[in-house]
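*Asks:* kindly generate the corresponding structure for this input.
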Amino acid sequence: MALRSRHLILMSEPISPDELPEIPEELLQLRQEIDDIDHQVLELLARRKQKVGGVATVKKRHALKVRDRTRESEILADRRICCSRLGLHSEMVESLYRLLLTESRDHQAALGTELPADLPSRRIAVIGGHGAMGSLFADLFRELGNEVIVSDLDTDLSPREAAASADAILVSVPIRSTLEVIRDIGPSCREDALLLDVTSTKVDPVRTMCEASACNVIGTHPMFGPGVNTLQEQRIAVVPGRIHEGSDWEHWLRTCILARGLTIIDATAEEHDRSMSIVQVLTHFSTEVLGLAMARLAVPVEETLKFASPVYLIELLMTARHFCQSGELYGSIHMANPNRKAIVDAFNESIESWRDTVANEDQAGFSALFDECNAFFGTFGERAMEQSGHLIDRLVERG
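*Replies:* Below you'll find the model as predicted:
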């Protein structure tokens, strides 16, 4: 599709009902027939999901993995052949089936397909379990056959009471409150219990959990938000803090995480925080600088949309999305990371380098900075071109 066409699709505005032309009866009839077909498709998808449940039962009985890449490749190849025979667009159908296969894996994982029959169920206390991330993990542990209790601001059960009565205690509270909550509940945790958190930094929380308690300690950081559509292939960092000799807690937790379809990233607390200073602090900081500059330049968003390229629209969507969320959350992420000053200093130095070349109309200097960045990204740039092109196409499809 030509770039001009993309702009027309991306920037089109809804038409007022008063401006709509009268719809011919024959068009209404065709639309009704299409609706009927779509409803049949949805009913078939529901039947397909029932069969997937049966697949999960058989796989669990025979200790088979949820994901069978060979089978997935066979499905996609077969559907492409069918597309050729039926005159359908193979790339569109493949995109549809990749979504279906992801949903299928997620459904099988939620049914505990890969959970070993001899893995003990535990009593899990989620401190902050009525929050978005706390609720997600409460549901995850319930789906895997564990008893879950919740302590939050609106519950009668106090954090200390929950910690004292649980086998494992998950802390999922705002970043600024995390260390305080850990210090409060740590002495109540049994020595044979597990204390873990989901905070976006790891050095301070893991150290505090070890200092405040005598139990087993593991830090985690889900590399995704609570609004994800699927847990399949989502990453979670796991940072062991203290594991008593003879304890099976690390094995138990890793088994639960993997059984639910997540991917584990093993790291030390220091490695984690150094990487997150780039993944979170630097990227969020650049978004915040961009948003503030746009706000102060005061060119209306709707005016820029008239001239927007797909790449600008993606940047704009991610920037606006950022500011629809919590300043308290993002401020806490920045300020909790021990590497924040080095990141802000590097950002300022980079701005000065680019600013000087533009202000001085120094094309050679600008190109040198460009080449420096290109060399840093190396072959990843090729992947970036391919995958960003895919994102642009998906955005165009949504209109």
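*Asks:* so who does residue 112 touch?
*Replies:* 60, 143-145, 259 (C-beta atoms under 8 Å, 6 or more residues apart in numbering). Using the backbone N, CA and C atoms, a C-beta is placed for each residue, glycine as well.
*Asks:* just those residues now: which is nearest residue 217?
*Replies:* residue 144 (21.2 Å; C-beta to C-beta).
*Asks:* which element is residue 45 on?
*Replies:* According to DSSP states H and E, residue 45 maps onto helix 25-61.
*Asks:* could I get the buried residue list for that helix?
*Replies:* By neighbour count on 16 or more other C-beta atoms under 10 Å, the buried set for helix 25-61 is 52, 55-56, 59-60.
*Asks:* for the helix or strand following it, packing partners?
*Replies:* Per DSSP H and E, the first helix or strand lying C-terminal to helix 25-61 is helix 69-86. Packing partners of helix 69-86 (3 or more C-beta pairs under 8 Å, 6 or more residues apart in numbering; DSSP states H and E): helix 90-110.
*Asks:* the inter-axis angle of the helix it packs on versus helix 69-86?
*Replies:* 150 degrees (axes from the mean of the first three to the mean of the last three C-alpha atoms, to 10 degrees).
*Asks:* so what touches helix 90-110?
*Replies:* Residues contacting helix 90-110 (C-beta under 8 Å, 6+ apart): 45, 48-49, 52-53, 55-56, 59, 66-67, 72, 75-76, 79-80, 82-84, 143, 230-232, 259-261, 394.
*Asks:* domain boundaries for the protein, per the record?
*Replies:* 24-110, 123-267, 272-361 (automatic domain parsing).
*Asks:* the first one - what's its average pLDDT?
*Replies:* The reference is to domain 24-110. On average, the pLDDT along domain 24-110 is 93.
*Asks:* swap in stretch 176-194?
*Replies:* The model assigns stretch 176-194 a mean pLDDT of 97.
*Asks:* which parts of it are buried?
*Replies:* Neighbour-count burial for stretch 176-194 flags 178-179, 181-182, 184-186, 188-190, 193-194 (criterion: 16+ other C-beta under 10 Å).
*Asks:* in JSON lines: those residues, plus distance to residue 364 and secondary structure.
*Replies:* Listed next are the buried residues of stretch 176-194 as JSON lines, based on distance: C-beta to C-beta, whole Å; DSSP: H, G, I helix; E, B strand; the rest coil:
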{"residue": "178", "distance to residue 364": "49", "secondary structure": "helix"}
{"residue": "179", "distance to residue 364": "50", "secondary structure": "helix"}
{"residue": "181", "distance to residue 364": "55", "secondary structure": "helix"}
{"residue": "182", "distance to residue 364": "54", "secondary structure": "helix"}
{"residue": "184", "distance to residue 364": "59", "secondary structure": "helix"}
{"residue": "185", "distance to residue 364": "60", "secondary structure": "helix"}
{"residue": "186", "distance to residue 364": "59", "secondary structure": "helix"}
{"residue": "188", "distance to residue 364": "65", "secondary structure": "helix"}
{"residue": "189", "distance to residue 364": "62", "secondary structure": "coil"}
{"residue": "190", "distance to residue 364": "66", "secondary structure": "coil"}
{"residue": "193", "distance to residue 364": "63", "secondary structure": "coil"}
{"residue": "194", "distance to residue 364": "58", "secondary structure": "strand"}
